[in-house]
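Enquirer: Next come a sequence and a model predicted from it.
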Amino acid sequence: MGKVCWDFPLLGTGNQSGNNIAAITMFKGSGIMDGLAREVCQNSLDARDRNLSDDVPVKVKFELVEIRKNDFPMFKGYQEALSNSIAYWKTSPLSTPKIMEFLQNVQTALNEDTIPMLVMSDYNTVGLNGVNAKIDEGEKSFWDLLVNTEGISIKQDDNSAGSFGIGKNAPFAYSALNLVFYNTLAQDGGRAFEGVTRLVTSQREYNGSMRRTQPIGKYLYLLDEYTGRPILPQDNCNLANIDIFNRKRTGTDVAVVGFKKAEYENWEDLTAVAIIKNFILSIMMGKLEITIKSDIVKYEISKEKIEELLFVKFKDHIQLKYTRQIFETITKGQLKKTQIAEKEDLSIYTRYDDGYAQSLSRFRSTGMLINTTTEGLPHFSVVIIVNDVGKKELSKTLREAEPPQHTEWKAKNITDNRDLHNKAARYIRSISKQIQLTLDEFEKAEITDRMDAGVGNYLPDTSENSITSEGTDGLKTDIKINEISSFDGRVFYNSQYESAENGKGSPSQTKGGKNGKKKKRKKKTNIKIPAVKPDNGKDKGVTSGKGKIKVSTLNIKEHRTFYVAANKYHLYVNSPSVYENVYIKYYAGREDNGQDALSIKNIKIEGLPRIDVNGERIGPITLNEGKNAMYIEFESNEIMAVIPVFTVEVQNEE
């Protein structure tokens, strides 16, 4: 006759284990709930009931309950196993202070009269089929894969995203008892309940003497010395019968017993933020709805409420900085669908905003965030989504290119299949190229950050910090300018001038766009801007050295230069009127507060063929009224803070 109890199998000739379990440690992060939220919600999305219509979301509930320890025999058996483990390691020559500290922390958590239990329950899912499967006869059990295997990942359909079988360890990282219980009502009618603990090598009595045991123990129905099964309804386990495990609908419950309340004191907010950050797309698409409940707060996270949570409730939360950009990029940005392996298997959303921090966010088809990186896209937010189309060639390949935490796509993560490694590398390169092409074609709707591109851009800045690491709009200081005039005839002398825009005194702008980490540039000595002969019909510009120079400036209120990739930049100019015979010259600031004129390979003006420049000055070109977009390629491959200088006419009156 069997019984419900703890079972720690004998170790035999197996290896002893301490408390440093890599598969658990990788999910630990004091004060954040990301590891738990990502794994639980992704598993629930994987288990979605495909018989339901597409507009029915997977629902996941996070609820914290307190249970009285003395009401459940399970805790008495667990205390016995823990005491045996402490006794074993006290006398073991392999004992370390960290092992003893770990065991003492577990004992401290177990000494409490009430035990906190965080229960995560999903609905509109299929549960864990195969509770009653005849495994010896080759029947597959998804219950067995979750509870009784290591390093094996077999999902219930092709839409599932795991590949390492390691994510199941995430809940243990949040338990002070290293104890997790599983409960399911499966689509095939099976019901099951079982507990798993991951301690250290322990010991128990066997045939009159103490024998070492394996570190993983199970709370199950033990049929005999070598055979066990999940706890079933007819076994009358009182812990399995509490209300929170009394399921009426199919799905799975994962319970973190001994949840670390002290470490995650504000767990409700932490969980809400982690879910919003990692599953913003799933929520926006209506694929996922979350309830977070405790005695003091309740959150409902859904498609209808996500905007309010992002921009009201958590509007100042730093972890959602990029999430807010993602939301606006998807709802307000430009969408382009393209092909990597199959037609429209990649969606690219792009949006520009002066208030944005540069970001590139990658998403699975299920709507889970892979990562957000900053890659030299000032004020641009780019979101890419891998779509499940056709044979799902792209999504399946990238899934294999993820690490156990599913936080990147890199071919190096595929180590046992060279052909698959090469295919993943090819797809990842193609994605980067498609992003680049999208940015090349992007038309910015509006620039709200105004920069004075009028007279201030042509005056040598005489302030102490004339050139910063973020650039300047001043000319090189070896140019002597005696007279400056604007198009409306106003004349400005020396540094006493009016702004061409508003008629008020305004110093030269000293801040340009900082486009990535600027490499060191060696100081160049005795640099002069080459003398220009304005009467040859071609070279109109500023001359170096002495002489009387008259510069006609452009009353351009808005312009911005953006780094894109390698030596390529975008220049956007919003011109109030048509200007012909315009010349543009670019400078880069040095760390010694100097400036260098940059050599330009070519320029591509929107709607016109590419023009080779192969020099330091673009022109003459025409600026049309309104928006002008140009694509500039420099000789230098460095990421630089670059400053454009616009001129139309220069007269040498010497």
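Expert: That came through, no problem. These numbers were taken from a predicted model, which means no experiment stands behind them.

Enquirer: got the contact list for Glu344?
Expert: Contact analysis of Glu344 by C-beta atoms under 8 Å, 6 or more residues apart in numbering lists Lys337, Thr338, Asn387, Val389. Every C-beta, even on glycine, is put in place using the N, C-alpha and C of the backbone.

Enquirer: Could you list the low-pLDDT ranges of the stretch 501-650 of the chain?
Expert: 501-553, 555, 557, 565-566, 590-594, 639, 649-650 (pLDDT under 70).

Enquirer: tell me the helices in it, going along the chain?
Expert: Counting by DSSP state H, counting those that start in this stretch, the stretch 501-650 of the chain has no helices to list.

Enquirer: How about the stretch 251-400 of the chain?
Expert: Going by DSSP H, counting those that start in this stretch, the stretch 251-400 of the chain shows helices at 267-284, 306-308, 321-332, 393-400.

Enquirer: low-scoring pLDDT stretches of the stretch 151-300 of the chain, where are they?
Expert: 151, 153-167.

Enquirer: could you redo the last one with a cut-off of 50?
Expert: 158-164 (pLDDT under 50).

Enquirer: which stretches of it form strands?
Expert: Ranges of strands within the stretch 151-300 of the chain are 175-185, 191-198, 202-206, 209-213, 216-224, 227-229, 251-259, 288-293, 298-301, based on DSSP state E, counting those that start in this stretch.

Enquirer: now swap in the stretch 301-450 of the chain and tell me
Expert: Going by DSSP E, counting those that start in this stretch, the stretch 301-450 of the chain shows strands at 334-338, 346-352, 359-363, 369-373, 380-386.

Enquirer: Highest mean neighbour count out of those strands?
Expert: Among these, strand 380-386 has the highest mean neighbour count (mean count of other C-beta atoms under 10 Å), at a mean of 24.

Enquirer: returning to what we had before: I'd like the helices of the stretch 251-400 of the chain as JSON lines, with mean neighbour count and distance to Leu145 appended.
Expert: Formatted as JSON lines, the helices of the stretch 251-400 of the chain follow (neighbours: other C-beta atoms under 10 Å; distance: least, C-beta to C-beta, whole Å):
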{"stretch": "helix 267-284", "mean neighbour count": "23", "distance to Leu145": "23"}
{"stretch": "helix 306-308", "mean neighbour count": "14", "distance to Leu145": "33"}
{"stretch": "helix 321-332", "mean neighbour count": "20", "distance to Leu145": "32"}
{"stretch": "helix 393-400", "mean neighbour count": "20", "distance to Leu145": "17"}
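
Enquirer: I'd like the strands of the stretch 301-450 of the chain as TSV, with distance to Ile152 and mean pLDDT appended.
Expert: Converted to TSV, those look like this (distance: least, C-beta to C-beta, whole Å; pLDDT from 0 to 100):
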stretch	distance to Ile152	mean pLDDT
strand 334-338	35	94
strand 346-352	30	94
strand 359-363	26	93
strand 369-373	23	93
strand 380-386	25	93
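
Enquirer: between those, which one is nearest to Leu394?
Expert: strand 380-386 (5.6 Å; C-beta to C-beta).

Enquirer: okay, the angle between that closest one and strand 359-363?
Expert: Here strand 380-386 runs at an angle of 10 degrees relative to strand 359-363 (axes from the mean of the first three to the mean of the last three C-alpha atoms, to 10 degrees).

Enquirer: Strand 380-386 pairs with which strands, and in what direction?
Expert: strand 346-352 (antiparallel), strand 359-363 (parallel) (DSSP bridges).

Enquirer: circling back: make a markdown table from the helices of the stretch 251-400 of the chain and add distance to Met210 to it.
Expert: Formatted as a markdown table, the helices of the stretch 251-400 of the chain follow (distance: least, C-beta to C-beta, whole Å):
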| stretch | distance to Met210 |
| --- | --- |
| helix 267-284 | 39 |
| helix 306-308 | 56 |
| helix 321-332 | 53 |
| helix 393-400 | 45 |
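
Enquirer: Mind listing what's buried along the longest helix along the chain?
Expert: The residue-count maximum for a helix in the chain (DSSP state H) belongs to helix 418-441. Taking 16 or more other C-beta atoms under 10 Å as the neighbour-count basis, helix 418-441 is seen to contain the buried residues His421, Lys423, Ala424, Ala425, Tyr427, Ile428, Ser430, Ile431, Gln434, Ile435, Thr438, Leu439.

Enquirer: Next one: Asp136 from Gly130, what distance?
Expert: 13 Å (C-beta to C-beta, to the nearest Å).

Enquirer: Those two - which one has more neighbours?
Expert: Gly130 (22 against 6; other C-beta atoms under 10 Å).

Enquirer: C-alpha coordinates for stretch 369-385, PDB please?
Expert: The C-alpha trace of stretch 369-385 is given here as PDB (Å, rounded to 0.1, in the frame of the first residue of the first chain):
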ATOM      1  CA  LEU A 369      10.700  40.600 -25.600                       C
ATOM      2  CA  ILE A 370      14.100  39.100 -26.400                       C
ATOM      3  CA  ASN A 371      16.000  42.300 -25.700                       C
ATOM      4  CA  THR A 372      16.300  46.000 -26.200                       C
ATOM      5  CA  THR A 373      19.700  47.400 -27.200                       C
ATOM      6  CA  THR A 374      21.000  50.900 -28.000                       C
ATOM      7  CA  GLU A 375      22.800  50.800 -31.400                       C
ATOM      8  CA  GLY A 376      23.600  54.300 -32.600                       C
ATOM      9  CA  LEU A 377      20.100  55.400 -33.600                       C
ATOM     10  CA  PRO A 378      19.700  58.800 -31.900                       C
ATOM     11  CA  HIS A 379      16.100  59.600 -31.100                       C
ATOM     12  CA  PHE A 380      14.900  56.600 -33.100                       C
ATOM     13  CA  SER A 381      12.900  53.700 -31.700                       C
ATOM     14  CA  VAL A 382      13.000  50.500 -33.800                       C
ATOM     15  CA  VAL A 383      10.900  47.400 -33.000                       C
ATOM     16  CA  ILE A 384      11.300  44.200 -34.900                       C
ATOM     17  CA  ILE A 385       8.900  41.200 -34.600                       C
END
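
Enquirer: Leu103 is nearest to which of the strands of the stretch 301-450 of the chain?
Expert: strand 369-373 (36.1 Å).

Enquirer: what pLDDT does the spatially closest residue to Phe314 that is not a sequence neighbour get?
Expert: Leaving out its chain neighbours, the residue that sits closest to Phe314 by C-beta to C-beta, 6 or more residues apart in numbering is Leu320, at 5.4 Å. As predicted, Leu320 sits at a pLDDT of 95.

Enquirer: who's in contact with Leu320?
Expert: Here Leu320 is in contact with Val273, Ile276, Lys277, Leu310, Phe314 (C-beta under 8 Å, 6+ apart).

Enquirer: now swap in Ala133 and tell me
Expert: Ala133 neighbours (C-beta under 8 Å, 6+ apart): Glu139, Lys140, Ser141, Trp143, Asp144.

Enquirer: Recalculate using a threshold of 6 Å.
Expert: Applying C-beta atoms under 6 Å, 6 or more residues apart in numbering to Ala133 gives the contacts Glu139, Ser141.

Enquirer: Could you check how far it is from Lys140?
Expert: When Ala133 is compared with Lys140 (using C-beta to C-beta), they lie 6 Å apart.
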